[in-house]
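Chemist: Pasting the sequence and the predicted coordinates here, then a few questions.
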Number of protein chains: 2
Amino acid sequence: MPKQVDHRARRTQIADALFRVAAEQGLEAVSLRHVAAAAEVSTGMVQHYFRTKDEMMAFAMAVVQERQQARITERMARLGADPGPRPMLRTLLTGVLPLDDESRAYGRVALAFLAYTAVRAEAAAPLREQTRELLGFVAGLVRSGGAAKDPDAAAAGLLAAMEGLGVYLLGGHFTPEVALRALDAHLDMIFDPA
Amino acid sequence: MPKQVDHRARRTQIADALFRVAAEQGLEAVSLRHVAAAAEVSTGMVQHYFRTKDEMMAFAMAVVQERQQARITERMARLGADPGPRPMLRTLLTGVLPLDDESRAYGRVALAFLAYTAVRAEAAAPLREQTRELLGFVAGLVRSGGAAKDPDAAAAGLLAAMEGLGVYLLGGHFTPEVALRALDAHLDMIFDPA
DNA sequence: GGCGCGGCGGTACGACCGCACCGTGAAATC
DNA sequence: GATTTCACGGTGCGGTCGTACCGCCGCGCC
């Protein structure tokens, strides 16, 4: 056996370069050469770790999902034991929102992938699964709040509001202040109907 | 003066071809040749009406916006005189949601443009303006409903929920039934807090 | 200590891209 | 009816794309 290389680490490092390119210039600027240049490696090396561009894209999408998932669970874990459903929800939702520069960069990439999967139906399944799981989790929290008439519908609306706020934040339509105020107003309506 | 040609009509006809290509294969498949082929004209003709590709894209984006605006005002007009804020809002929001095949195609294109503008900041201004106007209108309706504590925040949340529901519908994460149920639950919370 | 194989760089190919630029044809003007 | 002017169609150029493929380098095993 020749030189030992951690394939997953190398692939992740290439995917990070892909994110940088996509966040700055959009997904259509993502080419093997550009990604290789951003990663400061040769195009041959990129090809060595991803046999085709589609394979690279699929891996990058999976990484985005994993990071999102990890970000959520990490934030939830840091919250401590059972702080009640509303703080948990708020932590979850604000954790996903693109409020700082780093998460805005990720958000741009995620949005690009979203548009990408809208046309390539076969790549949309994992995203759907993630939404489904998140929806179930949110619905459970809403239900335990006890004030919503239709917890499933409320959870779907809340998740959709978060997604929309994210889109508007990325487009610069809303400021973070407006988005957070809208989110809190929404949580008020669910947990504390006047 | 030689042959009389309605420039706007020709440009719109080309833009429609662009929409077909973008809806089926994504924005990255939009090239002068593909659009020309979809419009069943020569690439030279496309170039004659749009000096550059960017000009064509900008025009197409403007058309999407105009159609969206027209769709909204037409639906509102058909509603009759003063049916109250909640039915007006519901008509407005369901009018924008991608619930049938045609509006799903438009939605895919709009989503692609959204990701497009997330990277080209100079093209985002008209979209921002449209959101701002819509937000003002929705806020007025929410305010006249009288039940919301913070009408501006509620309007922002409602608009965001609509956008998010649209995205989830396009991605197939939500069925139209779920989306409408979530929307009605959201309107319930705003107009009829239990 | 040669050998083999994985890691990796580099090049070439065919396709497609945006765009510049040509030529032609026909309608309106004088 | 000559001329001007717009409306196209077609071709070619320079560049980038994804991908196939070759060849070297160096580590680990027999």
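Modeler: On my side now, so go ahead. Just so it is clear, the model here is predicted, and its values are computed rather than measured. Residues are numbered from 1 along each chain as shown, chains lettered A, B, ... in the order given.

Chemist: which of the residues in the helix ranked longest in chain A are buried?
Modeler: Looking across chain A with DSSP state H, the single longest helix is helix A:53-77. By neighbour count with 16 or more other CB atoms under 10 Å in any protein chain shown, helix A:53-77 contains the buried residues A:56-61, A:63-65, A:68, A:72. Yep, even glycine has a C-beta here, placed from its N, CA and C like the rest.

Chemist: Excluding covalently adjacent residues, which one is nearest to the residue minimising distance to the centre of chain A?
Modeler: When CA atoms, centre = their mean is applied to chain A, the residue found nearest the centroid is residue A:68 (4.5 Å). Once flanking residues are discounted, residue A:68 sits nearest to residue A:96: 7.1 Å by CB to CB, 6 or more residues apart in numbering or on different chains.

Chemist: what sits against that neighbour?
Modeler: By CB atoms under 8 Å, 6 or more residues apart in numbering or on different chains, the residues touching residue A:96 are A:68, A:71-72, A:162, A:166.

Chemist: Just put these in a markdown table and tack on pLDDT.
Modeler: Shown next, in a markdown table, are the contacts of residue A:96 (pLDDT from 0 to 100):
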| residue | pLDDT |
| --- | --- |
| A:68 | 94 |
| A:71 | 93 |
| A:72 | 92 |
| A:162 | 98 |
| A:166 | 98 |
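
Chemist: what ranges of chain A fall below the confidence cut-off?
Modeler: For chain A, residues meeting the criterion pLDDT under 70 lie at A:1-3, A:194.

Chemist: surely residue A:58 meets residue A:123?
Modeler: Yes - applying CB atoms under 8 Å, one finds residue A:58 in contact with residue A:123, separated by 6.8 Å.

Chemist: which SSE is the residue of chain A found nearest DNA strand C in?
Modeler: Proximity of chain A to DNA strand C (CB to the nearest atom of the strand) peaks at residue A:44, 2.5 Å away. Residue A:44 is part of helix A:43-49 when elements are defined by DSSP states H and E.

Chemist: export that helix as PDB, just CAs?
Modeler: Written as PDB, here are the backbone C-alpha positions of helix A:43-49 (Å, rounded to 0.1, in the frame of the first residue of the first chain):
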ATOM      1  CA  THR A  43      -7.700  19.600 -11.200                       C
ATOM      2  CA  GLY A  44      -6.300  16.100 -11.500                       C
ATOM      3  CA  MET A  45      -6.500  15.600  -7.700                       C
ATOM      4  CA  VAL A  46     -10.100  16.800  -7.600                       C
ATOM      5  CA  GLN A  47     -10.800  14.200 -10.300                       C
ATOM      6  CA  HIS A  48      -9.000  11.600  -8.300                       C
ATOM      7  CA  TYR A  49     -11.300  12.000  -5.400                       C
END
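
Chemist: Tell me which residues are up against it.
Modeler: Contact with helix A:43-49 is made by A:7, A:10-11, A:14, A:32-33, A:35-36, A:39, A:56, as judged by CB under 8 Å, 6+ apart.

Chemist: ok, 6 Å please
Modeler: A:10-11, A:14, A:32-33, A:36 (CB atoms under 6 Å, 6 or more residues apart in numbering or on different chains).

Chemist: How about stretch A:12-23?
Modeler: Taking CB under 6 Å, 6+ apart as the rule, stretch A:12-23 contacts A:29-30, A:34-35, A:38-39, A:46, A:59-60, A:63, A:105, A:108-109, A:112.

Chemist: And that stretch, what's buried?
Modeler: A:14-15, A:17-23.

Chemist: Taking the residues you listed, tell me the two that lie furthest apart.
Modeler: The most widely separated members of the buried residues of stretch A:12-23, counting by CB to CB, are A:14 and A:23 (15.0 Å).

Chemist: Look up the closest residue to residue A:34, ignoring the ones flanking it.
Modeler: The shortest distance from residue A:34 to any non-neighbouring residue, by CB to CB, 6+ apart, is to residue A:21 (5.2 Å).

Chemist: secondary structure class for that neighbour?
Modeler: At residue A:21 the chain is in helix, as set by DSSP: H, G, I helix; E, B strand; the rest coil.

Chemist: before we move on, the earlier item: return the member of the contacts of residue A:96 nearest to DNA strand D.
Modeler: DNA strand D has its nearest neighbour among those in residue A:68, at 24.4 Å by CB to the nearest atom of the strand.

Chemist: quick one: that closest one from chain B, how far?
Modeler: 14 Å (CB to the nearest CB, to the nearest Å).

Chemist: Can you give me the distance of that residue to residue A:156?
Modeler: Per CB to CB, to the nearest Å, residue A:68 is found 19 Å from residue A:156.

Chemist: quick one, helices of chain A?
Modeler: A:7-25, A:32-39, A:43-49, A:53-77, A:85-96, A:101-119, A:125-145, A:151-171, A:176-191.

Chemist: want to throw these into TSV with distance to residue B:180?
Modeler: Putting the helices of chain A into TSV (distance: least, CB to CB, whole Å) gives the following:
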stretch	distance to residue B:180
helix A:7-25	34
helix A:32-39	41
helix A:43-49	45
helix A:53-77	27
helix A:85-96	22
helix A:101-119	20
helix A:125-145	16
helix A:151-171	9
helix A:176-191	18
